[in-house]
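# below are the sequence and a predicted model for it; my questions follow.
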Amino acid sequence: MACGGVFEPRNILVTGGCGFTGANFVRYVARNHPHVHITVLDKLTYAGNPENIAGLPPSQVDLVVGDICDVALLERIVPGHDAIIHFAEESHKDNSIANSEPFIRTNVEGTMRLLEAARKHDVRFHHISTGENVRDRPGHDRRYAIDASKLRAELGWSPMHTDFAGGLRNVIDWYAEHRDWWVPAKEATEARYRAQGQ
């Protein structure tokens, strides 16, 4: 698991791995770390789509459809994993205005259940989150610029696009060419809003 002091997991559990950010992480790990087995645990609510991880090697990636609040399920799947990477959350905060219960259940209770399982089975835990649950800096500085020199020096990273207009054009082109990936989810969300009278 560790080589020269570096944590190198062999089996990871990724919660919310069918959501946008989680699925991109799963694809990255599958592509760049073929020796790592990935178990994706996702409830497949409005934000989770199994198509996001379609085409990944079934010998490397397993999908378990379930709820992070389900203690019995966690007792079955957490043992044997080296790390839990926790992406699962109720994320569309505007939905919490109409009904906060799923947010409290998943974001608070679900995270607590995962932490308890990780502690019980001695599994490393990484909680991935947006900045939406952290107070902004004084003055609400919107620049959010980073110094990427360490990323460049240590990891050889460089941005794919340094031109905002070009990068935006690529994003728009991708969405135009992959309507089958996002239109069904958009239509389902719009239907749900219509049913709620919004």
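Thanks, I have it.

# could you list the domains of the chain?
1-130, 145-198 (automatic domain parsing).

# now the strands for this protein?
For the chain, applying DSSP state E gives strands covering 2-3, 6-7, 11-15, 37-42, 61-65, 83-86, 124-127.

# just to revisit the earlier point, would TSV of the domains of the chain with mean neighbour count and mean pLDDT be doable?
Any C-beta I mention is one placed from the backbone N, CA and C, and that applies to glycine too. Supplementary listing: the domains of the chain in TSV, determined by neighbours: other C-beta atoms under 10 Å; pLDDT from 0 to 100:
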stretch	mean neighbour count	mean pLDDT
domain 1-130	17	92
domain 145-198	10	84
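
# could I get the strands of the chain as TSV with distance to residue 166?
What follows is the strands of the chain, written out as TSV (distance: least, C-beta to C-beta, whole Å):
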stretch	distance to residue 166
strand 2-3	39
strand 6-7	36
strand 11-15	31
strand 37-42	32
strand 61-65	32
strand 83-86	31
strand 124-127	33
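
# who touches the lengthiest helix in the chain?
Secondary structure of the chain per DSSP state H: the longest helix is helix 179-195. Contact with helix 179-195 is made by 46, 49, 51, 175, as judged by C-beta atoms under 8 Å, 6 or more residues apart in numbering.

# where exactly do the helices run in this protein?
Using DSSP H, helices in the chain cover 20-32, 71-77, 95-98, 101-103, 111-120, 149-155, 164-177, 179-195.

# quick revisit: from the chain's centre, how far out does the longest helix of the chain sit?
Offset of helix 179-195 from its chain centre (C-alpha atoms, centre = their mean, to the nearest Å): 20 Å.
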